[in-house]
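In: When you get a sec, could you give me coordinates for this:
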Amino acid sequence: MTDVVKVLLVDDQELVRTGLRGILRARFGFEIVGELASGAGVVEAVAELSPDVVVMDVRMPGVDGVAATALLRDSPAAPPVLVLTTFEDEEILAGALRAGAAGFLLKGVPAEDLQRAVRTVAEGGSWLDPAVTGRVLSAYRDGPSPVLPGPETDLLTPREREVLALIGQGLSNAEIAAELVLGEGTVKTHIGHIFAKLDLRDRAAAVVFAFDHGLVRPGRGR
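Out: Numbering: from 1, shown residues only. Model (predicted):
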């Protein structure tokens, strides 16, 4: 990925998309490559526009953010999804995590936080807004078809547990490498081993596993 982060906006409110365009401007290192007012057509838009990240509302008429995230998950080389939410959307956000979203962010956060979240997710990190993380994870664990029934953390080496804890805090591969004084290639290797040992399907599932097993707690981190 280049330094310019290509973003696809998906939100049914024109006013919200206008605000996002103002925050995710070229001068800050972003390019809005497309916009949709519904989750319908998101797979086709991704195939045509090749965004680095999809910023998507969860509440939309027709195909909502959860359904659209699930559709993207089944697409080859799909970009990560950062979903936008309000305080009232815990169960919907839990569904978005089960569908494969890389993270969520409250609407109305400072522009700098939105920019950091979009860039972090685009670079392969996760972003779970601490203001609602605990409630969302509770809804996640209460939901159907849990995706984290795998073995406990004693299968991991001490270094792999460190990497998993940092994933749980929302750090990107580059940030993990800097924190642990490792090369990014080494971090990727550790993450591959973690996913294989714990039968984790993606980075969002790794975040939830880290919370479930006490490696990071709601409200900690970003």
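
In: Distance-wise, check the residue in the chain sticking out farthest from the centre relative to residue 73.
Out: Distance from the centre of the chain peaks at residue 154, with 25.9 Å (CA atoms, centre = their mean). Using CB to CB, to the nearest Å, residue 154 is found at 30 Å from residue 73. Using the backbone N, CA and C atoms, a C-beta is placed for each residue, glycine as well.

In: Going along the chain, name the strands of the protein.
Out: Using DSSP state E, the strands found in the chain span residues 5-10, 30-36, 53-57, 81-85, 103-106, 127-128.

In: could those strands be laid out in a markdown table, adding mean pLDDT, mean neighbour count and distance to residue 203?
Out: Shown next, in a markdown table, are the strands of the chain (pLDDT from 0 to 100; neighbours: other CB atoms under 10 Å; distance: least, CB to CB, whole Å):
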| stretch | mean pLDDT | mean neighbour count | distance to residue 203 |
| --- | --- | --- | --- |
| strand 5-10 | 96 | 23 | 17 |
| strand 30-36 | 96 | 18 | 21 |
| strand 53-57 | 95 | 26 | 13 |
| strand 81-85 | 89 | 26 | 11 |
| strand 103-106 | 84 | 24 | 9 |
| strand 127-128 | 80 | 28 | 10 |
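
In: would you list those in JSON lines and tack on distance to residue 114?
Out: Conversion of the strands of the chain to JSON lines gives the following (distance: least, CB to CB, whole Å):
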{"stretch": "strand 5-10", "distance to residue 114": "11"}
{"stretch": "strand 30-36", "distance to residue 114": "10"}
{"stretch": "strand 53-57", "distance to residue 114": "8"}
{"stretch": "strand 81-85", "distance to residue 114": "9"}
{"stretch": "strand 103-106", "distance to residue 114": "7"}
{"stretch": "strand 127-128", "distance to residue 114": "10"}
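
In: of the ones you listed, which approaches residue 113 most closely?
Out: With CB to CB as the measure, strand 103-106 is the member of these nearest residue 113 (7.2 Å).

In: rewinding a little: so which of the strands of the chain is nearest residue 182?
Out: Closest to residue 182 of those, according to CB to CB: strand 127-128, at 21.6 Å.

In: gap between the closest one and the chain center?
Out: On the basis of CA atoms, centre = their mean, to the nearest Å, strand 127-128 sits 6 Å off its chain's mean C-alpha point.

In: Report all helices and strands that it contacts.
Out: Packed against strand 127-128, as judged by 3 or more CB pairs under 8 Å, 6 or more residues apart in numbering; DSSP states H and E, are the following elements: strand 103-106, helix 111-122.

In: Domain map for this structure?
Out: Domains of the chain are assigned by automatic domain parsing as 5-142, 153-212.

In: residues in contact with stretch 65-79?
Out: Under the criterion CB atoms under 8 Å, 6 or more residues apart in numbering, residues 8, 10, 39-40, 42-43, 46-47, 51-54, 56-59, 63, 81, 83, 92, 95-96, 99-101, 122 lie in contact with stretch 65-79.
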